[in-house]
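**Q** What follows is a protein structure lacking sequence information:
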């Protein structure tokens, strides 16, 4: 988020907006509509989700993209929706419990953030870890939500891959 967006939208409020937008886009809608959006994301397209009017009368266009380069196994809509459902549930729980959510920035791109809540799935003994990130657009008043799969091996302790270890 840009300086003005950071001051306009606190991290928790931005996460609430993001969770609600993703829930509406993939959970509240029909399977056919959600699958169509998934196909667009899987084809590496960035989609416009909504435009918000801020308290200071400025606007913020929110877009959605996905990075599945670190996904292990075969990514399909079912695997994606399972990851997303767990991620959204974990984010919603953290927000409801008012837990502090760690935010990480990417070294070479400080405008890119990753929120420190994961959505871990295990299928056929293969773990996958989804996170939500955001980045400021090149144009003022634009932010992109990015659903990303991370390399699950970075979450494993002592070379073992278990759901409880990946979630920590």
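**A** All right, it came through fine. Being a predicted model, the structure only gives us computed values, none of them experimental. Numbers count the residues shown, from 1 in each chain.

**Q** center of this structure, which residue is that?
**A** Note on the chain: the residue nearest the mean C-alpha position is residue 132, at 2.2 Å, using Cα atoms, centre = their mean.

**Q** Would you agree residue 54 is in contact with residue 60?
**A** Yes - Residue 54 is within contact range of residue 60, at 6.0 Å (criterion: Cβ atoms under 8 Å). In this view, the C-beta of every residue, glycine as well, is placed from N, C-alpha and C.

**Q** From the contact counts, what lies against the longest helix along the chain?
**A** Criterion DSSP state H: the longest helix present in the chain is helix 77-96. Applying 3 or more Cβ pairs under 8 Å, 6 or more residues apart in numbering; DSSP states H and E, we find helix 77-96 packed against helix 11-26, helix 31-42, strand 119-123, strand 126-136, strand 142-150.

**Q** Now with 10 Å, please.
**A** helix 11-26, helix 31-42, strand 109-115, strand 119-123, strand 126-136, strand 142-150 (3 or more Cβ pairs under 10 Å, 6 or more residues apart in numbering; DSSP states H and E).

**Q** For these, give me TSV that also has mean pLDDT and distance to residue 95.
**A** Formatted as TSV, these follow (pLDDT from 0 to 100; distance: least, Cβ to Cβ, whole Å):
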stretch	mean pLDDT	distance to residue 95
helix 11-26	93	6
helix 31-42	97	22
strand 109-115	84	11
strand 119-123	94	14
strand 126-136	93	12
strand 142-150	95	15
